[in-house]
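Participant: only geometry, no sequence info:
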C-alpha cells in the first residue's frame, strides 16, 4: 500500500498528465486512475433535497478589460455534477466565472423561479490546487462556498 506522501505525489502527477474532455465521462490516466478537473462543481436543489440535474454550466476566465472568455461548458449529470469541466493544461491563475443557467431546470419541473441564472465569480491564485465550487439552489435564492 502506498504511503500518504506517495499518494499525494502521484495525484499531483496525474493532475498534470490527464486530459479531460467535456463530451464524455472523466478520462483515465495511463495508470488507470480517474482524472479530475481542477475546478469541479455540484448543484444541490435544497428546496427538494436532490441534485440539480440537466443544468447548463459555463466556465469562463477574465482577460484584459474585464472581458470573460468561455473555457468550457457542460450540463450537470444525474448527480448534479459536471465532470471533466476543465483540462488541467488550461488552468492558470486568474479570475474565473461559473454560470449555471437554471431557468430551464425550474421550468421543466413546473416551478417558477426568481433567478434565470446564477453566476459565481472567484479568484484562483494557486493552479496546483483543486477548487470545488458548489451551488446550493432553490427557486428564490442560492448560495455557494469553496468546497473540498
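Facilitator: Cool, the structure landed. Note that this is a predicted model, so its numbers are computed, not measured.

Participant: what about the helices in this structure?
Facilitator: With DSSP state H as the definition, the chain shows helices at residue ranges 4-17, 103-108.

Participant: where does the chain have its least confident helix or strand?
Facilitator: Of the helices and strands making up the chain, the lowest-confidence element is helix 4-17, at a mean of 38, by mean pLDDT, DSSP states H and E.

Participant: what about stretch 37-47, distance to the chain center?
Facilitator: Between the mean C-alpha location of stretch 37-47 and the chain-wide mean there is a distance of 6 Å, by CA atoms, centre = their mean, to the nearest Å.

Participant: Any chance you could list what contacts that stretch?
Facilitator: With CB atoms under 8 Å, 6 or more residues apart in numbering as the contact definition, stretch 37-47 has outside contacts at 15, 20, 26, 50-52, 55, 57, 59, 76, 79-88, 91, 96, 98, 100, 124, 127, 129-139, 147. C-beta: built from backbone N, CA, C; applies to glycine.

Participant: Swap in 6 Å and give it another go.
Facilitator: Contacts made with stretch 37-47 from outside it, assessed by CB atoms under 6 Å, 6 or more residues apart in numbering, are listed as 20, 52, 55, 76, 80-82, 84-86, 88, 91, 130-138.
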